[in-house]
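Visitor: would you be able to build a 3D model of this:
(one chain, ligands or ions: 1)
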Amino acid sequence: MKPLKIAMAGLGTVGGGVVKALANPELAERAGRELEIVAVSARDTRKARGFDTAAFKWISDAVALAKTDADVVVELIGGEDGVALSLAEAALASGKHVVTGNKALLAKHGARLAALAERNGVALKFEAAVAGGIPIVKALRESLVAYGVETVRGILNGTCNYILTQMEATGRSFAEVLAEAQKLGYAEADPELDIGGGDTAHKLVLLASLAFGTIPDQKNIAVEGIKAITTEDIRFAREFGFRIKLLGIARRTRDGIDQRVQPSMVRAGTPLADVDGVFNAVMANAGPAGRYFFEGRGAGEAPTTMSVVADLVDLTRGNFGPAFGRPAATLKPLSPADPGAAVSAYYLRFEVLDVPGVLAEIAGHLAEARVSIGSMVQRARSPGEPVSIVMITHETSQASVERALKAIATSDKVRARPCMIPMEAA
Ligand SMILES: NC(=O)c1ccc[n+]([C@@H]2O[C@H](COP(=O)([O-])OP(=O)(O)OC[C@H]3O[C@@H](n4cnc5c(N)ncnc54)[C@H](OP(=O)(O)O)[C@@H]3O)[C@@H](O)[C@H]2O)c1
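Guide: Sure thing, here's the model as predicted:
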């Protein structure tokens with residue numbers, strides 16, 4: 001059988017890993033066909049990359065890989081537009097499969113690229129784009145289909161999970177742990193996309209699309225990162241038997257799809273709470289078929305390479321269908337649920353002046369908004385310093401809590417913005 005001809009765009013962490021992995025002869029045995037790299041492109045032709053770069057045909061303009069005789073273009077450059085987009089469009093339009101790890105690209109242009117792939121009878125595959133080595137794209141696209149999926153929740157950013165885990169383990173501040181993560185290479189020099197929740201959001205909209213058949217939608221998603229989480233919140237969480245995790249959550253509700261990225265209190269000892277360090281995890285609820293939990297390495301050369309190679313091996317067998325698991329023309333615009341209608345219990349922390357009447361004032365505003373308190377802890381620091389008051393509410397709507405906090409924030413006895421973290425069901 002003829003080899004599967006591959007053009008590689010990007011030879012960095014993932015692209016370099018893929019080139020090295022494709023040298024493994026077992027892959028061809030498994031696939032029943034050779035996997036042959038026919039051309040490569042990266043910016044610097046002289047960079048040492050841990051493999052013999054001279055062995056490949058180099059093409060300086062990555063977009064021109066679409067004009068080679070490759071069957072598939074592997075896009076591992078990155079970026080939501082620019083070269084990655086031009087290359088994906090050109091490759092699909094010229095009848096080449098595209099395999100990518102680029103969640104930013106797909107979150108923005110996924111539906112259009114999926115339609116382009118279908119029109120040209122080729123594949124758009126992206127297992128590496130979500131949760132590194134975890135085969136969650138395939139699971140949602142091909143496996144959990146009989147009853148559909150009601151909820152997908154995940155720890156989708158290893159940098160954030162590493163920071164939160166280290167803050168808990170060492171008692172050090174967010175800023176200190178972030179600086180250390182940057183030194184160790186677990187966080188980018190510009191960490192905003194990770195710690196601000198944007199990267200989790202890119203991945204979540206892809207999971208939502210696979211689960212609910214919606215066009216990937218980055219507009220209707222509430223995104224909050226982990227920058228405001230303090231060591232105090234983490235300590236209180238532990239006291240109450242919870243851990244704080246940055247979750248991407250997509251739920252089908254009666255009123256529409258609720259998509260959100262938010263720090264969440266997850267009960268200690270439950271699967272998502274126990275995911276530590278740079279690991280990722282996804283929990284999918286498949287209705288009568290129950291809950292499915294996937295955990296593994298969410299980034300890095302080997303896990304991400306594994307997902308790209310899995311997509312390539314599928315292509316050696318001609319095994320592909322629509323990118324999001326259903327014909328692109330049937331993907332529907334996402335009908336968003338009202339975020340304020342979401343119901344949960346909440347962790348609330350207030351920093352207040354240690355003066356009489358402050359508790360009554362907070363309790364009054366909460367009662368007015370019909371938010372009732374399940375438990376409360378008050379912790380003084382030193383005399384004259386603000387006092388922390390932590391409350392766990394009973395189940396209530398997000399809108400009610402927000403209304404109460406808005407009123408409480410106007411009090412001259414309340415220092416800083418109150419902290420509000422939803423308690424996530426196990
Ligand atoms: N790293 C991970 O763990 C991970 C995990 C999941 C998904 N991904 C996704 O995989 C993609 C690649 O990530 P990465 O970590 O491998 O990135 P990377 O290490 O920065 O590599 C990017 C590669 O693209 C090349 N490149 C940049 N601009 C180019 C251009 N205009 N023309 C041709 N080549 C160009 C670079 O060339 P030079 O080497 O010459 O600079 C480099 O080889 C991204 O979409 C990322 O989101 C990464």
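Visitor: now the closest residue to the ligand within the stretch 301-426 of the chain: which helix or strand?
Guide: Here the stretch 301-426 of the chain gets closest to the ligand at one residue, T304, 4.0 Å apart by C-beta to the nearest ligand atom. Any C-beta I mention is one placed from the backbone N, CA and C, and that applies to glycine too. Under the criterion of DSSP states H and E, T304 resides in helix 301-316.
Visitor: can you get me a residue count around the closest residue to the ligand within the stretch 151-300 of the chain?
Guide: Of all residues in the stretch 151-300 of the chain, the one sitting closest to the ligand is A299 (3.4 Å; C-beta to the nearest ligand atom). Summarising burial for A299: neighbours were counted as other C-beta atoms under 10 Å, giving 21.
Visitor: quick revisit: the helix holding T304: how far from the chain's middle?
Guide: 19 Å (C-alpha atoms, centre = their mean, to the nearest Å).
Visitor: so which helix or strand takes in the residue lying closest to G154 once chain neighbours are set aside?
Guide: Leaving aside its chain neighbours, G154 sits nearest to V282 (3.9 Å; criterion: C-beta to C-beta, 6 or more residues apart in numbering). Using DSSP H and E, V282 maps to strand 279-285.
Visitor: next up, the contacts around V343.
Guide: By C-beta atoms under 8 Å, 6 or more residues apart in numbering, V343 lies in contact with 395-398.
Visitor: typo on my end, it should be M376
Guide: Residues in contact with M376 (C-beta under 8 Å, 6+ apart) are 389-392.
Visitor: surely S388 meets E351?
Guide: Yes. Counting by C-beta atoms under 8 Å, S388 touches E351, with 5.9 Å between them.
Visitor: circling back: any chance of TSV for the contacts of M376, columns secondary structure, distance to P3 and neighbour count?
Guide: What follows is these, written out as TSV (DSSP: H, G, I helix; E, B strand; the rest coil; distance: C-beta to C-beta, whole Å; neighbours: other C-beta atoms under 10 Å):
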residue	secondary structure	distance to P3	neighbour count
I389	strand	67	20
V390	strand	62	21
M391	strand	64	22
I392	strand	60	18
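Visitor: dump these to TSV, plus distance to the ligand.
Guide: TSV is the format used below for these (distance: C-beta to the nearest ligand atom, whole Å):
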residue	distance to the ligand
I389	41
V390	36
M391	39
I392	36
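Visitor: could you report the neighbour count for the residue of the chain found nearest the ligand?
Guide: Residue nearest to the ligand within the chain: G12 (1.9 Å; C-beta to the nearest ligand atom). Using other C-beta under 10 Å, G12 has 15 neighbouring residues.
Visitor: that one and D44 touch, don't they?
Guide: No. Counting by C-beta under 8 Å, G12 stays clear of D44, with 10.3 Å between them.
Visitor: pick the one among the contacts of V343 closest to P263.
Guide: Q398 (13.9 Å; C-beta to C-beta).
Visitor: count the residues that sit near the closest one.
Guide: By the measure other C-beta under 10 Å, the count of residues near Q398 is 21.
Visitor: can you give me the pLDDT of it?
Guide: pLDDT for Q398: 97.
Visitor: tell me the contacts of it?
Guide: 339-344, 422.
Visitor: any chance of these in CSV, with secondary structure, pLDDT and distance to the ligand too?
Guide: Formatted as CSV, the contacts of Q398 follow (DSSP: H, G, I helix; E, B strand; the rest coil; pLDDT from 0 to 100; distance: C-beta to the nearest ligand atom, whole Å):
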residue, secondary structure, pLDDT, distance to the ligand
P339, helix, 96, 27
G340, helix, 96, 32
A341, helix, 96, 33
A342, coil, 96, 29
V343, strand, 96, 34
S344, strand, 96, 30
P422, strand, 98, 27
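Visitor: report the buried members of these.
Guide: Burial by neighbour count, judged by 16 or more other C-beta atoms under 10 Å, picks out 339, 342, 344, 422 from the contacts of Q398.
Visitor: could I get the full set of helices for this structure?
Guide: Along the chain, the stretches classed as helices by DSSP state H are 13-21, 25-31, 82-93, 103-119, 136-138, 158-170, 174-184, 192-195, 198-212, 231-239, 301-316, 358-368, 398-409.
Visitor: wait, A342 touches D258, no?
Guide: Yes. Counting by C-beta under 8 Å, A342 does reach D258; the two are 5.9 Å apart.
Visitor: quickly list what's touching both of these two.
Guide: Overlap of the contact sets of A342 and D258 (by C-beta under 8 Å, 6+ apart) is empty.
Visitor: OK, contacts around A9?
Guide: Going by C-beta under 8 Å, 6+ apart, A9 touches 15, 40-42, 62, 65, 73-77, 83-84, 87.
Visitor: should've said V74
Guide: Shown in contact with V74 (C-beta under 8 Å, 6+ apart): 6-10, 15, 18, 98-100, 308, 312.
Visitor: give me the number of residues near the residue nearest to G154?
Guide: The number of residues near V282, taken as other C-beta under 10 Å, comes to 27.
Visitor: that one contacts L144, correct?
Guide: No. In this structure, V282 is not within contact of L144 by C-beta under 8 Å, at 10.8 Å.
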